[in-house]
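K.L.:
return a 3D structure for these sequence lines:
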Amino acid sequence: MTVSDIERQRYTQELAAYTLRQFASARSLLDGHKKAAMAKLPAPQIRVFRNAEKASQSKYSSLMKA
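P.N.:
Have a look, this model is predicted:
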């Protein structure tokens, strides 16, 4: 991989993590009825969301330590 490929991949991952944090923040503001509707996402999408959320939290916490 070249440096630009690595930078592009890192930017893409950071953008995805940021987007998912914003989505999670907005989702937490929904009322119970809307949360129930959101819970009907297909399992693969939920798994991807949860894994990305965990990754973004661990990257964010490592950046805060630096």
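K.L.:
pLDDT weak spots in the chain?
P.N.:
The model of the chain has pLDDT under 70 over residues 32-35, 37-39, 41-46, 58-66.
K.L.:
mind doing that once more with 80?
P.N.:
Low-confidence segments of the chain (pLDDT under 80): 1, 26-66.
K.L.:
ok, which stretches of it are helices?
P.N.:
With helices called from DSSP state H, the chain shows them at 3-28, 32-38, 43-65.
K.L.:
E14 and L29: what is the separation?
P.N.:
Remark: distance between E14 and L29 (Cβ to Cβ, to the nearest Å) = 23 Å. Quick note: C-beta positions are derived from backbone N, CA and C, even for glycine.
K.L.:
neighbour-wise, which of these two wins?
P.N.:
E14 (14 against 8; other Cβ atoms under 10 Å).
K.L.:
I'd say E53 and T19 touch.
P.N.:
No - E53 sits out of contact with T19 when judged by Cβ atoms under 8 Å, with a separation of 10.7 Å.
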